[in-house]
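1. got a structure for you, letters missing:
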């Protein structure tokens with residue numbers, strides 16, 4: 001086992017990890033960026049739709065193009081990148097155990113570590129849920145946008161949040177028919193700009209409904225949905241049947257906190273942020289000295305927010321390493337927090353802002 005020392009090791013080369021690596025490297029830190037996939041960029045390279053909001057948040061730019069810009073920056077900064085590499089262990093004294101290409105084992109020591117591991121898709125169980133053809137919406141998005149493989153011809157989507165409606169539209173662009181979007185809640189969960197595109201294409205929405213059973217032998221062939229009452233109990237006699245060969249589940253995400261947990265960080269439970277999340281402060285510092293978080297691992301939000309949190313973590317690390325003047329760093333971080341506040345406002349963002357405030361309040365108590 002060989003050992004290497006870096007100023008900063010960033011775990012996860014998605015939107016948050018890339019943004020963090022750029023900020024830290026610009027300040028002069030020796031940075032290593034690690035990802036288990038064969039290509040950096042994370043979710044950005046699955047997001048072929050245009051972002052919206054303000055110009056400073058890349059409105060009108062497709063996620064894949066934002067990812068390309070970030071990768072170009074990392075190449076110009078000559079940041080060390082290790083792909084096809086799993087981080088299997090992380091200690092509180094900032095030692096990492098990594099396995100490269102499922103073969104070579106190494107130990108890495110870092111002064112600072114930024115964990116940007118993202119999140120994994122949730123699932124739901126119903127009769128027939130183990131049949132081939134049942135998959136996460138993110139898996140379907142990977143198949144069509146990265147691998148150019150259509151997962152099925154007739155798709156039923158469970159979940160009407162942004163992921164559900166965006167992936168539904170992209171499935172239609174790829175040639176699939178979306179037979180229905182089913183939502184257990186009494187109202188739709190996605191932004192109107194996304195749901196309206198799918199509705200105009202003729203896809204029916206069924207709120208207060210869920211999947212009762214999937215039918216098939218070797219794979220999904222039919223799907224039965226059922227109406228739910230105000231207590232989320234099935235309404236007898238309300239069943240509807242659809243011909244479908246694919247069921248996509250867009251039922252939320254859970255932060256990938258395993259490594260942060262191994263390091264001994266404190267957690268708090270925030271349901272609206274995906275469950276247990278690491279306590280952190282405004283500088284993205286956790287309760288373990290020298291370990292920081294950014295992106296979905298610190299609470300489920302959007303790619304724009306993940307990039308801003310990555311920048312926060314990168315600047316914070318550079319400041320703590322003595323590479324950036326504290327006053328200059330504070331000014332930069334205040335600017336980023338202004339952007340984050342603008343992303344966490346309005347009908348959908350206010351809940352995230354309130355939840356993040358709860359995490360930060362815990363941070364004030366536990367982080368010195």
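-> Structure's in. What do you need? Note that this is a predicted model, so its numbers are computed, not measured.
2. any idea whether residue 16 is helix, strand or coil?
-> helix (DSSP: H, G, I helix; E, B strand; the rest coil).
3. Look up the closest residue to it, ignoring the ones flanking it.
-> residue 295 (2.9 Å; Cβ to Cβ, 6 or more residues apart in numbering). No exception for glycine: its C-beta is placed from N, CA and C like everyone else's.
4. tally of neighbours for the one you found?
-> 36 (other Cβ atoms under 10 Å).
5. do residue 301 as well
-> 23.
6. Tell me who's in contact with the closest residue to it other than its chain neighbours.
-> Counting by Cβ to Cβ, 6+ apart, residue 301 lies nearest to residue 352, which is 5.7 Å off, once chain neighbours are set aside. Counting by Cβ atoms under 8 Å, 6 or more residues apart in numbering, residue 352 touches 272-273, 299, 301, 305, 344.
7. and residue 352, what element?
-> helix 346-366 (DSSP states H and E).
8. is it fair to say residue 296 lies in a helix?
-> Yes. Under three-state DSSP, residue 296 sits within a helix.
9. thinking again about what came up before, from what I can see the residue nearest to residue 16 touches residue 15, true?
-> Yes. Assessed by Cβ atoms under 8 Å, residue 295 is found in contact with residue 15 at 6.5 Å.
10. what's the overlap in contacts for those two?
-> 306, 310.
11. hmm, back to that, buried sites along the helix holding residue 352?
-> 349, 352, 355-356, 358-359, 362-363 (16 or more other Cβ atoms under 10 Å).
12. of those residues, the lowest pLDDT goes to which?
-> Minimum pLDDT for the buried residues of helix 346-366 is recorded at residue 349 (84).
13. wait, isn't that one in contact with residue 343?
-> Yes. If you go by Cβ under 8 Å, residue 349 and residue 343 touch, sitting 6.1 Å apart.
14. coming back round to it: for the residue nearest to residue 16, give me its contacts.
-> Residues in contact with residue 295 (Cβ under 8 Å, 6+ apart) are 12, 14-17, 116, 118, 305-306, 309-310.
15. now do residue 132
-> 218-220.
16. most neighbours, which of these?
-> Busiest of the contacts of residue 132 [other Cβ under 10 Å] is residue 220, holding 25 neighbours.
17. Correct me if wrong: it contacts residue 247.
-> Yes. Here residue 220 reaches residue 247: they are 5.8 Å apart, a contact under Cβ under 8 Å.
18. any common contacting residues for these two?
-> Shared contacts of residue 220 and residue 247, counting by Cβ under 8 Å, 6+ apart, come down to 133-134, 214.
19. mind listing what's buried in stretch 279-296?
-> By neighbour count with 16+ other Cβ under 10 Å, stretch 279-296 contains the buried residues 279-288, 290-296.
20. So which of those sit within strands?
-> In strands, judged by DSSP state E, the following of the buried residues of stretch 279-296 are found: 291-293.
21. next helix or strand past the host helix or strand of residue 68?
-> Residue 68 is part of helix 63-76 when elements are defined by DSSP H and E. Of the helices and strands lying after helix 63-76 in sequence (DSSP H and E), the nearest is strand 80-82.
22. just how off-centre is that following strand within its chain?
-> Here the centre of strand 80-82 is set off from its chain's centre by 21 Å, with Cα atoms, centre = their mean, to the nearest Å.
23. Sheet-wise, list the partners of that strand with their directions.
-> Partners of strand 80-82 in the sheet, by DSSP bridges, are strand 31-34 (parallel).
24. Residue 315: which of the buried residues of helix 346-366 is nearest?
-> residue 363 (16.9 Å; Cβ to Cβ).
25. quick one, what contacts the nearest residue to that closest one once chain neighbours are set aside?
-> In space, and not counting its chain neighbours, residue 363 is closest to residue 281: 3.8 Å by Cβ to Cβ, 6+ apart. Residue 281 makes contact with 360, 363-364, 367, according to Cβ under 8 Å, 6+ apart.
26. Lowest-confidence entry in the residues you listed?
-> residue 367 (88).
27. what's the spacing between the residue lying closest to that one once chain neighbours are set aside and residue 312?
-> With sequence-adjacent residues excluded and distances taken as Cβ to Cβ, 6+ apart, residue 367 is closest to residue 281, at 4.8 Å. For residue 281, the distance to residue 312 (Cβ to Cβ, to the nearest Å) stands at 10 Å.
28. for the helix or strand bottoming out on mean pLDDT in the chain, packing partners?
-> Ranked by mean pLDDT, DSSP states H and E, the weakest helix or strand in the chain is helix 63-76, scoring a mean of 76. For helix 63-76, the contact count by 3 or more Cβ pairs under 8 Å, 6 or more residues apart in numbering; DSSP states H and E identifies helix 15-26, helix 303-320 as packing neighbours.
29. For the ones you listed, give me CSV that also has mean neighbour count.
-> Output for the helices and strands packed on helix 63-76, formatted as CSV (neighbours: other Cβ atoms under 10 Å):
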stretch, mean neighbour count
helix 15-26, 28
helix 303-320, 27
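30. Report the rounded mean pLDDT for the longest strand seen in the chain.
-> In the chain, assigned by DSSP E, the strand with the most residues is strand 104-115. Mean pLDDT, strand 104-115: 93.
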